[in-house]
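J.: Here's a sequence, model it:
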Amino acid sequence: MTDAPFQFFDVEVLRTERVTPAVARIVLGGAAVSRMASAGRDQRVKLFLPRPGQREPVMPDKKRADWYDAYRQLDPAVRGVMRTYTVRELRRDPGELVIDFALHGDDAAAPASRAAGGSGTTGGDTASGPATRWARAAGPGDRISVLAPVQEENAGYDFRPPEGTDWVLLSADESALPAVAGILESLPPGLPARVWIEIHDPADRQHLPTKADAEITWLVHGTSAAPTDAIRAAELPAGTPYAWTAGEAATVKALRRHLVGERGFDRRAVKFSGYWRRGASEDSLMSAAEAEAEA
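T.: Next up is the predicted model:
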């Protein structure tokens, strides 16, 4: 895989930090992290996490070109848990990969992290997914695998405003907050940006540095207007827009319909990504995708 645009890296947890009650930041390191690349913005990587009782994720030969087929053939109850996450930051000297995890399910405000000691799980948490349980328990030395780009220009990011864009619209929930942060940091000075972010608690607001002319509106789930309603009521800038929205699948689809159907946005200038679906676990979605691929 030496010439592949994405390669596997074996990394370990260096340290963890609770950024807000519902967001854990995990800093990963390893001898080869300096070879990783990132386009910034909403750069995605694949994380492979250990199952309870495992010191590291069970994986196929990671040098195989057909590693994914080999991964799918492993026992789903044993193989590493594969999840897609956004790079919050890729640091140099020393090389560090920073991933923010939105914590869901039971005890989201517990003081550990979305990463420890072999099992990587908290036994009483049955509502959370495996990534959240792993992250809450994360501690220095815990090992995972990462499939990451080694070229800055790669297929793992979606925020690509075309030339001639006059302003950008961003909308997201907590699951896409790291991507919004990366996008805001990448925007040129003075570019108008209108941003709506839905969170579950006011304490989960974050400082989001940017050189853009950004107006950020925080929406608290259950007490503020829904994202589509808030944007429908907003006065938007003139000129050619580019919109990026990510989060719960039904929410982002509704917003896309509003922007294209009611606001008249060019559908090619609206990028939308369903990071999760209400009522469905990522395991169930992945199982459905695998079944479809085998059909």
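
J.: how about stretch 134-144: buried residues?
T.: Residues 134-139, 142-144 are the ones in stretch 134-144 that count as buried (16 or more other CB atoms under 10 Å). From N, CA and C alone the C-beta is placed, and that goes for glycine too.

J.: actually stretch 154-164, not the one I typed
T.: Buried, per 16+ other CB under 10 Å, within stretch 154-164: 154, 156-159, 161.

J.: pLDDT of it, averaged?
T.: Averaged over stretch 154-164, pLDDT sits at 97.

J.: Residues in contact with that stretch: which ones?
T.: With contacts defined as CB atoms under 8 Å, 6 or more residues apart in numbering, stretch 154-164 is touched by 5-6, 37, 39-45, 149, 168, 179, 183, 186, 240, 242, 244, 269, 271, 273.

J.: picking that back up, between the buried residues of stretch 154-164, which is nearest residue 20?
T.: Nearest to residue 20 among those is residue 159, at 23.0 Å by CB to CB.

J.: Let me know the helix or strand that the closest one is in.
T.: If you go by DSSP states H and E, residue 159 is not part of any helix or strand.

J.: The chain should start at 429 in everything you say after this.
T.: Let's use 429 as the start, then, which means that last one is residue 587.

J.: Now do the same for the closest residue to it other than its chain neighbours: helix, strand or coil?
T.: Leaving out its chain neighbours, the residue that sits closest to residue 587 by CB to CB, 6 or more residues apart in numbering is residue 469, at 4.2 Å. Three-state assignment for residue 469 (DSSP: H, G, I helix; E, B strand; the rest coil): coil.

J.: Might you list the low-confidence residue ranges for the stretch 429-578 of the chain?
T.: 429-431, 533-556 (pLDDT under 70).

J.: tell me the contacts of residue 530?
T.: Listed by CB under 8 Å, 6+ apart, the contact set of residue 530 reads 450-451, 542, 602-603, 605.
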